[in-house]
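[1] Coordinates for the following, if possible.
(2 chains)
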Protein chains: 2
Amino acid sequence: MPSSAEANSIIGIDIGGTKIATGLVSREFHVVERAILPTPRDASAERVLEQIYRSVDAILQKSNITKSDITGIGVVAPGPLNPDAGVVISAPNIPAFKDIPIVEHLQGRFGFPTRLENDANAAGLAEALFGSGVGHDHVFYTTVSTGIGTGIIINRRIYHGKNGTAAEGGHVTIDFRGPVCNCGRKGCIEAYASGPALARRAKERLAGCEGRSRILDLVDGDLERVTPVEISRAAEEDDPLAIELISETGEYLAIWLGGMVSLLDPDIVVIGGGLSLMGERLFSAIRERLPTYSINPFAKDVPVVPARLQRDVGILGAAALFLEAKTDEVLI
Amino acid sequence: MPSSAEANSIIGIDIGGTKIATGLVSREFHVVERAILPTPRDASAERVLEQIYRSVDAILQKSNITKSDITGIGVVAPGPLNPDAGVVISAPNIPAFKDIPIVEHLQGRFGFPTRLENDANAAGLAEALFGSGVGHDHVFYTTVSTGIGTGIIINRRIYHGKNGTAAEGGHVTIDFRGPVCNCGRKGCIEAYASGPALARRAKERLAGCEGRSRILDLVDGDLERVTPVEISRAAEEDDPLAIELISETGEYLAIWLGGMVSLLDPDIVVIGGGLSLMGERLFSAIRERLPTYSINPFAKDVPVVPARLQRDVGILGAAALFLEAKTDEVLI
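    Numbers count the residues shown, from 1 in each chain, chains lettered A, B, ... in the order given. Purely as a prediction, here's the structure:
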């Protein structure tokens, strides 16, 4: 029986459009080694796969772990995929990575049991099991960043739906006549409250001569450089426009989350991703307004909290796939 | 052991704002006796309870059934309730019926095991087990009528959420700047596509002088008499405005259901309630447009079908509470 500290370690791989982040996760659910490699996004699928293999090799070498101490490899990717079949259907920003039976490839190369999952679903699971959702059965997780992803955790398990493509909550519309989303539809919450949507609204306001704003100083007057980071900083310095923009973002998220609470009655709402780092100002706006946008009489009691597993959430989410309860019973 | 045809019969009670419909449901899931009594809607809670008792007494007398042959009483009501505690929190249109521990009352009076459920949830379960959803694990059920109710069936069980108040899908907004809903919020799908919303849109168009319409003939020129029934009939007679109004309703439902499919990836969408009787014209409009409003790559393959258990769906839904799978395993 393995007895070292690394016993039952899991390798987690987070395939993103910019980087491939791979880590060794201990049984205490800590990331004890990391290998971060750039994603060869415009290369062939084979090249992408080789880069993934290389990241795993790097972890195995760095950690000096015995293969028998590894429980398996968890891998997460954005975009549509089939977790049961272990196939990435397509990956935003990696054009060649289409219909890739990645589980088969990784099992063939390394011989470990391998599991595949959508990145937001896996992050939601990790938050439910080890992050802000600990102690709760039903967690509505969302990551608000370049896009808006969601994970629906029911009874501490990922809810997949029929085809494994459930929980695309970022593309639920809050205004079918609203701004066009990256997905081509109108008024998705992603088109209102993602990082780029917030920046777009800021630019419109600034170009529309709403007077002086600290945001402009922070980008030396160059509107193209406005990102949520500057808006957040300006708000900290009490800039009225920045404060208003964040409050609006909270309002949009409250409209959307109000509907999610009407529909799913979750124990808790956990918000991760870049925009969740805006902190209390954003969260208070959401908490204050959400109950007015939900018919659920318990909406006011649903905690809305920041995610805890920020930096390593992809790797930890991938590892969590081996710790998910297999039945409604709580196994962990 | 009971051996008659009535063995293991269930009493189903459907408490509505207009009538209390109670039935005896055979083990083959047929309604073999019915007692329909008016709801004393403006009376005291005690009077309402007495009317419910009376309906059960009527069934017991009519059917001449032995008490030992009855498995239990299922009861369904609209509006917020707590299925675990067996308490009706409030019932739309029955003002006095507030915080009523109805399960305790019925068990005290009749001595049968008793279960309580939201009417749309129970109807969804009945459709999943015995109606249009047979053979499917995850069913999104909606009843489009005076209001829009929904039931989320996951693995052939009702999804309740934390407080038992999940699946209020009719109050998810599709336009947060839209028309005011009965619930006080804006742009809920109920405010766009319920029966009264359809009638309201028809009246606006007719008052707005969109020219002659067969709808006007059918109400003898009296706009106040316009209901979905006349709109449906006019459409059958190829009235262009009626056809357009139904097509619009399909479009609104497609926008909303597209989001539901993005979020829940169900096996099937089942639509009941009065408006589902409009038939193929409405369903084709929904089926044609739904995939364009969903990011789910499998949206085009999700069947959108009319409910099968129309007339007795309340009674059957109440009875189905005793036939629900208790685990993820299929018991039936």
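[2] which parts of the stretch 101-250 of chain A sit against chain B?
    Residues of the stretch 101-250 of chain A found near chain B (CB under 8 Å from any CB of the partner chain) are A:137-138, A:150, A:152, A:154, A:159-169, A:171-178, A:183, A:185, A:187. (Each C-beta comes from the backbone N, C-alpha and C, glycine too.)
[3] Quick check: closest non-adjacent residue to whichever residue of the stretch 51-200 of chain A sits closest to chain B.
    Nearest to chain B, among the residues of the stretch 51-200 of chain A, is residue A:161, at 2.4 Å (CB to the nearest CB). Closest residue in space to residue A:161, ignoring its immediate chain neighbours: residue B:265 at 2.4 Å, by CB to CB, 6 or more residues apart in numbering or on different chains.
[4] Quick one: low-confidence residue ranges for the stretch 201-332 of chain A.
    A:209-211, A:325-332 (pLDDT under 70).
[5] where do the strands sit along it?
    Using DSSP state E, counting those that start in this stretch, the strands of the stretch 201-332 of chain A run over A:268-272, A:304-306.
[6] on that earlier part again, the residue of the stretch 51-200 of chain A closest to chain B - how many residues pack around it?
    When neighbours are counted by other CB atoms under 10 Å in any protein chain shown, residue A:161 registers 24.
[7] Make sure it is actually in contact with residue B:260.
    No - using CB atoms under 8 Å, residue A:161 is not in contact with residue B:260; the gap is 10.6 Å.
[8] just the strands of the stretch 201-332 of chain A: most buried one?
    strand A:268-272 (a mean of 25; mean count of other CB atoms under 10 Å in any protein chain shown).
[9] Give me the angle between the longest helix belonging to chain A and helix B:240-264.
    Taking DSSP state H as the criterion, chain A has its longest helix at helix A:240-264. Angle, helix A:240-264 to helix B:240-264, by axes from the mean of the first three to the mean of the last three CA atoms, to 10 degrees: 90 degrees.
[10] So for helix A:240-264, what gets flagged as buried?
    Within helix A:240-264, the residues that qualify as buried are A:241-264, counting by 16 or more other CB atoms under 10 Å in any protein chain shown.
[11] Repeat that for stretch A:177-186.
    Buried residues in stretch A:177-186, counted by 16+ other CB under 10 Å: A:178, A:181-183, A:185-186.
[12] got a list of contacts for that stretch?
    A:147, A:171, A:173, A:175-176, A:187-188, A:190-192, A:197, B:175, B:258, B:292-293, B:295 (CB atoms under 8 Å, 6 or more residues apart in numbering or on different chains).
[13] Recalculate using a threshold of 7 Å.
    Outside stretch A:177-186, the residues that touch it by CB atoms under 7 Å, 6 or more residues apart in numbering or on different chains are A:147, A:171, A:173, A:176, A:187-188, A:190-192, B:175, B:293, B:295.
[14] could you dump that stretch to PDB, C-alpha only?
    Output of stretch A:177-186 as PDB, limited to C-alpha atoms (Å, rounded to 0.1, in the frame of the first residue of the first chain):
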ATOM      1  CA  ARG A 177     -33.300  42.400 -27.900                       C
ATOM      2  CA  GLY A 178     -30.000  43.200 -26.100                       C
ATOM      3  CA  PRO A 179     -26.400  43.500 -27.300                       C
ATOM      4  CA  VAL A 180     -25.000  40.800 -29.500                       C
ATOM      5  CA  CYS A 181     -23.000  38.200 -27.600                       C
ATOM      6  CA  ASN A 182     -19.800  36.400 -28.700                       C
ATOM      7  CA  CYS A 183     -22.000  33.400 -29.300                       C
ATOM      8  CA  GLY A 184     -24.000  35.300 -31.900                       C
ATOM      9  CA  ARG A 185     -27.200  35.500 -29.800                       C
ATOM     10  CA  LYS A 186     -28.600  38.600 -28.200                       C
END
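[15] Quick one: distance of it to the chain centre.
    21 Å (CA atoms, centre = their mean, to the nearest Å).
[16] hmm, back to that, burial check on the residue nearest to residue A:161, number of neighbours?
    25.
[17] So which residues of the stretch 1-150 of chain A form strands?
    In the stretch 1-150 of chain A, the segments counted as strands under DSSP E, counting those that start in this stretch are A:9-15, A:19-25, A:31-38, A:70-77, A:81-82, A:87-90, A:98-100, A:114-118, A:139-144, A:148-154.
[18] got the contact list for stretch A:76-89?
    Stretch A:76-89 has contacts (CB under 7 Å, 6+ apart) with A:14-15, A:90-92, A:97, A:99-104, A:116-119, A:122, A:160, A:164-165, A:314, A:317-318, B:297.
[19] can we see that at 8 Å?
    Residues outside stretch A:76-89 that contact it (CB under 8 Å, 6+ apart): A:12-17, A:90-92, A:97-104, A:114-120, A:122-123, A:147, A:149, A:160, A:163-165, A:314, A:317-318, B:297.
[20] so residue A:225 makes contact with residue A:216?
    No - here residue A:225 does not reach residue A:216: they are 10.0 Å apart, not a contact under CB under 8 Å.
[21] Specify which residue of these two has the higher count of neighbours.
    The residue with more neighbours, out of residue A:225 and residue A:216, is residue A:216; 20 against 15, by other CB under 10 Å.
[22] Skipping adjacent residues, who's closest to the more buried one in space?
    The shortest distance from residue A:216 to any non-neighbouring residue, by CB to CB, 6+ apart, is to residue A:206 (6.2 Å).
[23] Could you measure from the one you found over to residue A:234?
    11 Å (CB to CB, to the nearest Å).
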